[in-house]
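1. Need the 3D shape of this:
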Amino acid sequence: MATQELESIFAADAPLRTKPSAYPEPFASQMKGRSKRPLGDLFSLTNFGVNLTTIEPGGVSALRHAHSKQDEFVYVISGVATLISDSGTSMLRTGMCAGFKAGTGNAHQIRNDSSDALVYLEVGDRSAGDQVTYPDDDIAAALIDGTWTFTHKDGTPY
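-> Residues are numbered from 1 along each chain as shown. The predicted structure is shown next:
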């Protein structure tokens, strides 16, 4: 008997990502208050990923970063986000979206400065050879064979 592929699910019922953060310490603990439900993985999507992300008050999406090859897109489902980018700070409210083109160097981060949970969809491609820069922190990342590898900016491993 063949196994049936998953075709649909209530996004909020998807299991949480088992590892809260791929970052090494001391950065992983800074992601406290962030949870992700990897929706794309449930459907075995390989060209792009989709996460239902919740950030509790005071939490952040990630370190402020820029991708070399991966486009990113976010759509706010509920709550208010503070978007920090090279252009400055702006607010994203329910129903708003933002996109970050790969290779521009525009480092960005989403922060929840409100008193309510922030819920949004994040979509990104899975381009091989992607590299990530972090202008505010001593960390760099590279996507190697589908796995994120982290080093200090000088190339020494964590």
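
2. The protein: strands as residue ranges?
-> Along the chain, the segments classed as strands by DSSP state E run 34-38, 48-55, 66-67, 72-78, 80-85, 88-93, 97-100, 108-111, 118-125, 131-133, 140-144, 147-151.

3. Now stretch 138-146 - C-alpha only, CSV.
-> Extracted in CSV, the C-alpha atoms of stretch 138-146 (Å, rounded to 0.1, in the frame of the first residue of the first chain):
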residue,chain,number,x,y,z
ASP,A,138,30.9,38.4,14.3
ILE,A,139,29.3,35.6,12.3
ALA,A,140,29.0,34.5,8.7
ALA,A,141,27.0,31.7,7.1
ALA,A,142,27.2,29.5,4.0
LEU,A,143,24.7,27.0,2.7
ILE,A,144,26.8,23.9,1.9
ASP,A,145,25.1,20.7,0.7
GLY,A,146,21.8,21.9,2.2
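
4. which parts of that stretch are buried?
-> Neighbour-count burial for stretch 138-146 flags 139-141, 143 (criterion: 16 or more other C-beta atoms under 10 Å). Glycine gets a C-beta too; all of them are placed from N, C-alpha and C.

5. deepest of the strands of the chain, which one?
-> Ranked by average neighbour count under the criterion mean count of other C-beta atoms under 10 Å, the strands of the chain are headed by strand 66-67 at a mean of 24.

6. Strand partners (parallel or antiparallel) of that strand?
-> strand 131-133 (antiparallel) (DSSP bridges).

7. Which one, of the strands of the chain, ends up nearest to P20?
-> With C-beta to C-beta, the closest approach to P20 among these belongs to strand 34-38: 7.1 Å.
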